[in-house]
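Colleague: Here is a sequence together with a model predicted from it:
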Amino acid sequence: MISVATWNIHKGFSQFNRRMVVHELRARLRELSADIVFLQEVQGLHLKHAERHPEWPSMPQHEFLADDVWSDAAYGCNMVYDHGHHGNAILSRFPILHQHNQDVTHLQFERRGLLHCAIEVPRLATPLHCVCVHLSLFARSRRLQLDALAGYLEDIVPATAPLLIAGDFNDWRNQADVLLAQRLGLAEIFSATAAARPSRSFPARLPLFRLDRIYLRGLSVSATHLHAGPLWSALSDHAALSAQLHLQAAMPAVS
């Protein structure tokens with residue numbers, strides 16, 4: 001069994017950027033105790049925050065969050081500006097064998113990328129392919145990005161390989177099930193259990209919209225969790241999702 005989580009961390013600031021919460025966020029993230037973590041809005045560098053906040057980490061956020069817990073971490077830089085950059089990240093307790101950040105920008109003011117990692121997981125004969133996404137706020141752009149993601153994975157990842165796609169889909173109309181899940185043979189974790197649809201995850205204090213997802217193939221769902229309410233909304237405007245997943249027992253061990 002492995003555990004996974006996804007969270008849009010809002011660059012380490014509370015809702016409406018009222019205060020810097022990256023240290024509290026790191027503690028809460030570790031409480032999830034996930035083997036693989038998909039993060040969105042990760043601040044790789046911000047020179048102005050470093051000047052204004054004495055406790056701002058000296059290392060990139062993905063390295064700060066992973067330190068001493070997740071042995072491997074990958075970062076995909078998407079949005080670059082004069083004083084820094086941010087993007088997606090994947091933290092893993094298992095070796096990351098390969099990483100690639102695919103640019104799927106449609107609108108130049110809204111830079112987007114898809115961070116793909118191949119991860120060596122014990123008891124899996126082939127690498128587990130993991131993709132961290134943060135899709136557009138605009139429906140047409142999301143459709144194009146989902147098509148680009150499906151095309152990329154069809155070219156790169158074998159159809160029988162285990163696959164996880166997680167992140168902030170901004171997909172309140174649940175179009176990803178038609179545009180992505182059916183095309184790649186994926187199931188969404190909440191839909192794969194007793195729930196009929198993905199869970200509401202935004203805003204974190206009182207979730208109304210189904211924005212955050214975890215899709216899977218080649219694994220089965222043992223348990224799902226939505227981490228919402230006042231404690232979580234103090235750290236980000238998105239709730240976190242986590243799940244316990246079963247590996248396919250018939251697959252031989254990695255030598």
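Modeller: Nice, I can see it.
Colleague: Just the strands from the stretch 151-255 of the chain, written as ranges.
Modeller: 163-168, 187-188, 212-217, 219-227, 240-247 (DSSP state E, counting those that start in this stretch).
Colleague: Mind checking those strands for the one nearest to Arg197?
Modeller: Closest to Arg197 of the strands of the stretch 151-255 of the chain, according to CB to CB: strand 187-188, at 8.1 Å. The way it works is simple: take the backbone N, C-alpha and C, and place the C-beta from them, glycine included.
Colleague: what's the closest one packed up against?
Modeller: strand 212-217 (3 or more CB pairs under 8 Å, 6 or more residues apart in numbering; DSSP states H and E).
Colleague: picking that back up, of the strands of the stretch 151-255 of the chain, give the one that comes closest to Glu120.
Modeller: strand 240-247 (12.7 Å).
Colleague: count of residues packed around Ala223?
Modeller: Residues within reach of Ala223, counting by other CB atoms under 10 Å, total 12.
Colleague: Against Leu216, how distant is the closest residue to it other than its chain neighbours?
Modeller: The shortest distance from Ala223 to any non-neighbouring residue, by CB to CB, 6 or more residues apart in numbering, is to Gln244 (4.5 Å). Distance of Gln244 to Leu216, computed by CB to CB, to the nearest Å: 12 Å.
Colleague: just Val69 next, same as before
Modeller: 23 Å.
Colleague: Specify the helix with the largest residue count in this protein.
Modeller: helix 139-156 (DSSP state H).
Colleague: so for that helix, what's the average pLDDT?
Modeller: What helix 139-156 shows for mean pLDDT is 93.
Colleague: related to what we said a few turns ago, the more surrounded of Gln244 and Leu216?
Modeller: Comparing Gln244 with Leu216 by other CB under 10 Å, the one with more neighbours is Leu216, at 22 against 16.
Colleague: from what I can see the more buried one touches Ala192, true?
Modeller: Yes. Contact criterion CB atoms under 8 Å: Leu216 and Ala192 qualify, at 7.4 Å.
Colleague: Find residues that contact each of the two.
Modeller: Both Leu216 and Ala192 lack any common contact, where contact means CB atoms under 8 Å, 6 or more residues apart in numbering.
Colleague: Output the longest helix of the chain as CSV, restricted to C-alpha atoms.
Modeller: Extracted C-alpha coordinates of helix 139-156, given in CSV (Å, rounded to 0.1, in the frame of the first residue of the first chain):
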residue,chain,number,x,y,z
ALA,A,139,-12.7,26.4,-19.9
ARG,A,140,-11.3,26.5,-23.4
SER,A,141,-7.7,26.6,-22.1
ARG,A,142,-8.4,23.7,-19.8
ARG,A,143,-9.7,21.6,-22.7
LEU,A,144,-6.6,22.3,-24.7
GLN,A,145,-4.4,21.5,-21.7
LEU,A,146,-6.2,18.2,-21.0
ASP,A,147,-5.8,17.2,-24.6
ALA,A,148,-2.1,18.1,-24.5
LEU,A,149,-1.7,16.0,-21.3
ALA,A,150,-3.5,13.0,-22.7
GLY,A,151,-1.5,13.2,-26.0
TYR,A,152,1.8,13.5,-24.1
LEU,A,153,1.1,10.5,-21.8
GLU,A,154,-0.1,8.4,-24.8
ASP,A,155,3.2,9.0,-26.4
ILE,A,156,5.4,8.6,-23.3
